[in-house]
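A.B. asks: Next comes the sequence, and after it the predicted model I'd like to discuss.
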Amino acid sequence: MASKSFKASRSNLSATSDVPDAHNKPPLPPTVTFARRTSSGRYISYSRDDLDSELGSSDFMNYTVHIPPTPDNQPMDPSISQKVEEQYVSNSLFTGGFNSVTRAHLMDKVIESEASHPQMAGAKGSSCAIPGCDAKVMSDERGNDILPCECDFKICRDCYIDAVKIGGGICPGCKEPYKNTDLDEVAVDNNARPLPLPPPNGMSKMERRLSLMKSTKSVLMRSQTSDFDHNRWLFETKGTYGYGNAIWPKEGGGFGTGKDDEVHEPTELMNKPWRPLTRKLKIPAAVLSPYRLLIFVRVVILGLFLAWRVKHPNNDAVWLWGMSVVCEIWFAFSWLLDQLPKLCPVNRATDLNVLKDKFETPSPNNPTGKSDLPGIDVFVSTADPEKEPPLVTANTILSILAADYPVEKLACYVSDDGGALLTFEAMAEAASFANIWVPFCRKHGIEPRNPESYFNLKRDPYKNKVKSDFVKDRRRVKRDYDEFKVRINGLPDSIRRRSDAYHAREEIKAMKLQRQNREDEPIEPVKIPKATWMADGTHWPGTWLNPSSEHSKGDHAGIIQVMLKPPSDEPLHGTADDSSLIDLTDVDIRLPLLVYVSREKRPGYDHNKKAGAMNALVRASAIMSNGPFILNLDCDHYIYNSQAMREGMCFMMDRGGDRICYVQFPQRFEGIDPSDRYANHNTVFFDVNMRALDGLQGPVYVGTGCLFRRIALYGFDPPRTKEHHQGCCSCCFARHKKHSSVATTPEEHRALRMGDSDDEEMNLSLLPKKFGNSSFLIDSIPVAEFQGRPLADHPAVKNGRPPGALTIPRELLDASTVAEAISVISCWYEDKTEWGHRVGWIYGSVTEDVVTGYRMHNRGWKSVYCVTKRDAFRGTAPINLTDRLHQVLRWATGSVEIFFSRNNALLASPRMKFLQRIAYLNVGIYPFTSIFLIVYCFLPALSLFSGQFIVQTLNVTFLTYLLIITVTLCMLAVLEIRWSGIELEEWWRNEQFWLIGGTSAHLAAVLQGLLKVVAGIEISFTLTSKSGGDDVDDEFADLYTVKWTSLMIPPITIMMTNLIGIAVGFSRTIYSVIPQWSRLLGGVFFSFWVLAHLYPFAKGLMGRRGRTPTIVFVWSGLIAITISLLWVAINPPAGSNQIGGSFQFP
């Protein structure tokens, strides 16, 4: 592999370069390298076919002429230099970081097996014919060799550049000057597309793209031929020819007719019926009205009950009465916080047919029907290949690459925060397998598009498949996938063996060199750092298997590898040749952009875990693809519904969608035991709470399966903030705006406001202080904002974009772009910026997802909950008791951190709705319920031990209140089940685990949070011993695995105390002179209530049937002691007249 130092400047070969040189010279004009002079004196470019018939002509000559980009002469797009540059980028591994040079390592081999897809890095191809050069020949979209000379001399990109620059443009093969190229013909054939307008000097790439997109605003459409439209050029460049001016658009986007006050919309816009992309489905009043009434009734009953409890103390046990009343008041308050946000639940539906009609159907603004949908950047995060198996991550990536979304608008970025070569090569293997998997999914409409899940489906795979070759194709792909799994699972050993072999070779070389230098001296053992080697025989720049300086998990360079280069702009259909495993005729074989990213890590820097990795991806993607929307997925959450992104886009592109910051999808899980013992599906939260929040300001962000608007992540306020949030005193004290600034502020800057300033104009000079010193990143912000706007296809759509604006071909990747991406993922880039504080994912909490969503809602954004008929995404969840408790502990710890931080909902801005504020307040408060819950769980046992109860007597008033409270709770549960669609068993499992988590993980989280805030001490609860669960044949073997953790101590203590209390209470009542059955029944009822909720916990401790863990023997000992004490009480020693002998109960 060749390694060459790289500076952040574009290649001189680029004909449309927009970066001036050191002397501020203007960009080079396009170069015509092969032409003929006509009789009129004009030079005309020829294609190869034209030239073949005129080679014998006497007026034929070779020359080079520079023609400026005038309206009559538009530069070729794309040029050969740009295509070659992009191929070079996709075959190079870029590394760099703090105080280090950014390097591009040209790789001819990424994995051990051959890469066959032409988009893939290190794809197979012909070798360069220059002696001493083993690089690959330039290739086109199909992988065919690009041969610049008619002699078909094979030459690589670097040798071609040398021949042009140094060799005077002479072909090394035939020694003739380079003539026309194959790519020129492709450019000529593509002239049917609209040509770009000439950019002004000094305009950056992002500014030029924004100008091109906005140019579609004109009603003067370019003709369907390749002729240049002078009128349109005049209008869009504000230029003039002679006398007279072109028409101008009025404020608001309409077009004038000569009168000052009249503004008319285009006729085709007004006449076309407008259809919404989404609709809100309200809950039936027959269900919702009783539900709200019951909430009100229960609030009144709770108030009366608590008042009665306070007025009627138990004078025999005031301590017991006092503890119970305090706990009950807190439970009522906690229930109210949880119930109030559920007053306005809604359901939503999308219409994918309308989305297709608006964005992918031929229209006057989009004659070819090319997709006008905005781009989406998908983020997949992983950190440790040992804890997160590479095969799982690879399947997630494959499901993304095969998603039903325009290929050229989709990009996938994988963040490897561990910098492991194992993850890198697993990604490369996934990209190679995608060559057959993705076209197979498109050809046969496969669902789901995760190969592991698809091939493990427990249903007929041939149902509804109409193509005759489906069975044959499926068998071939299944065989290929089995080989793919073998390669992935064998990667750890393969990397280790390869590294050992290269290390041994290096040691032998060092020993030989030592012998040559020291002929007579004794040879000492040579110590060489044991590096990790890549497939092409060079050092891996990330984390080594044997950590070394600058090659460990917290100390390595930033890495970016374009695994799959950006696809061509037009569909690329396969062929029925014998080299392909399946017939791909009329199937688009293009693959989306796939990029491997490992941010730089250095000692002494706080890298902020997952939130820091996500922010690095936000910046890198903004520079490389700049999709206006971002979908983030965990590495174990794959796309189950290939149209999920289209469903989310319906909300973003609908009227008012520009005020939506994110679309949250519900989390669905696979591999959960049928009984869902530990409420892993969490259906009450995802189907009840989240639907209810959707009726307010929107659901909270839960960390994965969320489609973001990029500018919302950037910390900007939503559009039309002043219209929607006038403030609580606006009716009395009106705020006077500066209307003059509205007219002078550029359109894209009016939608980019940050902070509470009344000025409409955004001070762009402050952006580097917020976003860092990357001008490329800052230039991309208005482009992302414009691309993310809804279509302006109706007068009621505000802040829209013109139809057809996003049909413009993307910018080709060049080396300077990737080098800029390397700089923004360096460890120092966020210093003295607002990344992690106001911009991007927010730092400072274990649950950075909730805080990030809270900040957006606090600025006035709305979010939407998208529940699709077919699950959008699916993932895995821990079914082991200990793993589940530690998961809940992490969530609760984050909530405690939120409560003690500036993100407490009590400090929210007026832009957040009242009920939304209550919902966020409940997020921060719910772990504190554990303190009162654990006390209340001990109260029944204490009551049984003492012979007292929380009330003086079980009178009719107390029993009536208890009955009404219980009945209303059950009726509310039934109505919630009705409007949410969950099952009664799921609701009951949630109630059980609420008590299990509340008495274990939540209590530990409160202790952690208090110690951290008060004393600055951090405590971590880690796993210790592990037993059982080793049966690989059982799908749910992990369910029976018992891993002891200190979190289990409180629930075990509660269970044992209540069991002993029940036994003591019965024995006391039976053998007492005057039995107090009312007090016994009250204590026993509440003890059984506690034990019924803790039943799944006790079942989890018992492990698998027939495999009794040690903990059971501990239980047996405790129960034996209990029975012995009871026997002494029941059968006292002889000579004692008192029941129970001398044994006295408390």
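C.D. replies: Perfect, I can see it now. Model, not experiment: these values are computed from the prediction.

A.B. asks: Residue 935: how many residues sit nearby?
C.D. replies: 15 (other C-beta atoms under 10 Å). Every C-beta, even on glycine, is put in place using the N, C-alpha and C of the backbone.

A.B. asks: Tell me if I'm right that it and residue 323 touch.
C.D. replies: Yes: between residue 935 and residue 323 a contact is recorded at 5.9 Å, counting by C-beta atoms under 8 Å.

A.B. asks: Quickly note the distance from residue 785 to residue 170.
C.D. replies: 49 Å (C-beta to C-beta, to the nearest Å).

A.B. asks: pLDDT of stretch 339-351, averaged?
C.D. replies: Average pLDDT, stretch 339-351: 92.

A.B. asks: mind listing what's buried in it?
C.D. replies: 339, 340, 341, 342, 344, 345, 346, 347, 348, 350, 351 (16 or more other C-beta atoms under 10 Å).

A.B. asks: Kindly report the same for stretch 898-910.
C.D. replies: Neighbour-count burial for stretch 898-910 [16+ other C-beta under 10 Å]: 898, 899, 903, 904, 905, 908.

A.B. asks: now the helices: where do they sit in the stretch 801-950 of the chain?
C.D. replies: Under the criterion DSSP state H, counting those that start in this stretch, the stretch 801-950 of the chain contains helices at 815-824, 848-858, 881-899, 914-925, 929-946.

A.B. asks: so what secondary structure elements neighbour the second one?
C.D. replies: To tie it back to what came earlier, the one meant is helix 848-858. Packing partners of helix 848-858 (3 or more C-beta pairs under 8 Å, 6 or more residues apart in numbering; DSSP states H and E): helix 609-624, strand 660-664, strand 862-865, helix 881-899, helix 914-925.

A.B. asks: how about these, which one is nearest residue 832?
C.D. replies: helix 609-624 (14.9 Å; C-beta to C-beta).

A.B. asks: Output that closest one as CSV, nothing but the C-alphas.
C.D. replies: This file holds the C-alpha atoms of helix 609-624, laid out as CSV (Å, rounded to 0.1, in the frame of the first residue of the first chain):
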residue,chain,number,x,y,z
LYS,A,609,-18.7,8.3,25.1
LYS,A,610,-21.6,7.7,22.6
ALA,A,611,-22.7,11.4,22.5
GLY,A,612,-19.2,12.4,21.4
ALA,A,613,-19.1,9.7,18.7
MET,A,614,-22.5,10.9,17.4
ASN,A,615,-21.3,14.5,17.2
ALA,A,616,-18.2,13.4,15.3
LEU,A,617,-20.5,11.6,12.7
VAL,A,618,-22.7,14.7,12.5
ARG,A,619,-19.7,16.8,11.4
ALA,A,620,-18.1,14.2,9.1
SER,A,621,-21.4,13.5,7.3
ALA,A,622,-22.1,17.2,6.9
ILE,A,623,-18.9,17.6,4.9
MET,A,624,-19.2,14.3,2.9
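
A.B. asks: State the next helix or strand along the chain beyond that helix.
C.D. replies: Later in the chain than helix 609-624, the nearest helix or strand by DSSP states H and E is strand 629-634.

A.B. asks: what pairs with that next one, and is each one parallel or antiparallel?
C.D. replies: strand 376-382 (parallel), strand 706-709 (antiparallel) (DSSP bridges).

A.B. asks: Adding distance to residue 106 and mean pLDDT as columns, could you present these in CSV?
C.D. replies: Converted to CSV, those look like this (distance: least, C-beta to C-beta, whole Å; pLDDT from 0 to 100):
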stretch, distance to residue 106, mean pLDDT
strand 376-382, 26, 95
strand 706-709, 35, 96
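
A.B. asks: Stretch 294-304: how far from the chain's middle?
C.D. replies: On the basis of C-alpha atoms, centre = their mean, to the nearest Å, stretch 294-304 sits 42 Å off its chain's mean C-alpha point.

A.B. asks: avg pLDDT for that stretch?
C.D. replies: pLDDT averaged over stretch 294-304 gives 94.

A.B. asks: Likewise for stretch 775-790?
C.D. replies: Stretch 775-790 comes out at a mean pLDDT of 92.
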